[in-house]
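Asks: Compute the structure for the input listed below.
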Amino acid sequence: MHFHPRRVTVLGAALLWGVAGGAPGQDSPFGIRGLGVPGRFESVRARATGGAFAAFDLRSALGEASAADVAQITATATGQASYLTDEVGGARNSRRSGRFPLFQVLGPAWQGVVLAGGFTTYLDRSYHVEIADTLTLGGSQQAVTDILTSDGGITDVRLAAARRFGRLALGAGLHLLTGSSRVRAQRIFSDTSAYNSSFESDEIAYTGMGYSASALLTVLPGLFVTGYVRSDTRLTSEVKSTTVATNELPVTAGGAVRWQPAPAASFAVSMTRRSWANAADSGAFNTTSWSAGMDLGSRRSPLRLGVRSGDLPFGPGSRAPREFAVAAGSSLTLGGGRGTIDFTFERLRRTGSGLTETGWTALLGLTVQP
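Replies: Residues are numbered from 1 along each chain as shown. Next up, the predicted model:
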């Protein structure tokens, strides 16, 4: 991204704070100050409903109890491409990014227990930012350009188990957080005859753990409620095997309701709360998010629609940034039901402290049941 410093005073200060504190952000400017922008533990079909169906969806990694009814081995993978535009102080920058944010394998084990394993994106910490500035050196003004980059992120590796007990399904999960970011800071002087460029680079390795549990209850035929809770411990950042930072991670709690009045019509709403203010620093914010969605039509040609809104935990300014998104998607069934291709398109808008981010995200998911 390329921004002039006079137009991005707040963002530039936040960026420098983040690098000095050892906490670089994501390719979204809203992740530069803190630990990054959190990932979404949702499959492509759940993402099409704004995430409202995620806790009921066995392809998602939000709640474990939804896997209790898996009758055969199921594998699912997600690919994502985003096209985003950032605007601050009249300066605009467009960018593209690609991700593979989710992979899962589920299957029955013994005595009605279903096991699930896979990975999702926990925090994305990749960015490239250039800041032009003027310094006073030796009594004269010198123009410089600072280039700050980070490439990497934190992955949530999950092992979960679930089992049904009549109308109640229970699940629990163990999470290993792992990953790394290669960070680089470079200063380039416009007067190359008098000053040499300088740079420093390192690789930051991350480790952490978490635990989760969920329950899903069939209240009445066609009416389901679910609740989930997760507690992540600490994120340890190391450079050359030396600990450089330790950050508390949030407790997550949420719930959802699903109503299916007919086989070809289903509706859901959900809400999630995360205690990010305890993580990282005093500039982090607790977040609350909600979503609502519907799944209409037959299994072979469904129409999925959804909307979501909520807070972001990190960003410039004294108030939590906000995001709002609408989504739509459908599926194609292959091989007599043994394979499914899901696709979703999402329109996103994030706002906070004079910074606006808008764009489109396209998601493609493949599920195989051999």
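Asks: Ranking helices and strands of this structure by mean pLDDT, which lands last?
Replies: The helix or strand with the lowest mean pLDDT-type score in the chain, counting by mean pLDDT, DSSP states H and E, is helix 9-20 (a mean of 30).
Asks: could you point out which element follows that one?
Replies: If you walk from helix 9-20 toward the C-terminus, the next helix or strand you reach (DSSP states H and E) is strand 37-38.
Asks: tell me, what residue is most central in this structure?
Replies: For the chain, the residue lying nearest the average C-alpha position, counting by C-alpha atoms, centre = their mean, turns out to be Gly39 (1.2 Å).
Asks: List the contacts of that residue.
Replies: With contact taken as C-beta atoms under 8 Å, 6 or more residues apart in numbering, Gly39 is in contact with Pro101, Thr120, Thr121, Tyr122, Leu123, Asp124, Asp156. In short, each C-beta sits where N, CA and C put it, glycine included.
Asks: Also Arg258?
Replies: Counting by C-beta under 8 Å, 6+ apart, the residues that Arg258 touches are Phe53, Phe56, Leu223, Phe224, Val225, Thr226, Ser266, Phe267, Ala268.
Asks: Tell me, how many residues neighbour the second one?
Replies: Number of residues near Phe56 (other C-beta atoms under 10 Å) recorded here: 25.
Asks: For it, give me phi and psi.
Replies: The phi and psi torsions at Phe56 (degrees, to the nearest 10) take the values phi -100, psi 0.
Asks: surely it meets Gly255?
Replies: No. With contacts defined as C-beta atoms under 8 Å, Phe56 does not count as touching Gly255, sitting 11.2 Å away.
Asks: who touches both of the two?
Replies: Looking at what touches both Phe56 and Gly255 (by C-beta under 8 Å, 6+ apart), the common residues are Thr226.
Asks: May I ask which helix or strand encompasses the nearest residue to Asp191 once chain neighbours are set aside?
Replies: Nearest in space to Asp191, with sequence neighbours left out and distances taken as C-beta to C-beta, 6 or more residues apart in numbering, is Gln142 at 6.1 Å. Counting by DSSP H and E, the secondary-structure element that holds Gln142 is strand 140-165.
Asks: Could you give me the buried positions within that strand?
Replies: Counting neighbours by 16 or more other C-beta atoms under 10 Å, one finds that the buried residues in strand 140-165 are 144, 146, 148-156, 158, 160-164.
Asks: how distant is that strand from the center of its chain?
Replies: Relative to the chain's own centre, strand 140-165 is displaced by 10 Å; criterion: C-alpha atoms, centre = their mean, to the nearest Å.
Asks: go on, stretch 115-131?
Replies: How far stretch 115-131 lies from its chain's middle: 7 Å, per C-alpha atoms, centre = their mean.
Asks: same question, stretch 290-297
Replies: From the chain centre to the centre of stretch 290-297 is a distance of 20 Å (C-alpha atoms, centre = their mean).
Asks: do the same with stretch 125-135
Replies: In terms of C-alpha atoms, centre = their mean, the centre of stretch 125-135 is set 23 Å apart from its chain centre.
Asks: low-scoring pLDDT stretches of this structure, where are they?
Replies: Within the chain, the ranges that satisfy pLDDT under 70 run 1-27, 31, 280-282.
Asks: got the residue ranges for the helices in it?
Replies: In order along the chain, the chain carries the following helices (DSSP state H): 9-20, 44-47.
Asks: Could you find the closest non-adjacent residue to Thr78?
Replies: Across the structure, with C-beta to C-beta, 6+ apart as the measure, the residue nearest Thr78 apart from its sequence neighbours is Leu102 (4.1 Å).
Asks: residues near that neighbour, how many?
Replies: 27.
Asks: do the same with Glu238
Replies: Counted with other C-beta under 10 Å, residues neighbouring Glu238 total 16.
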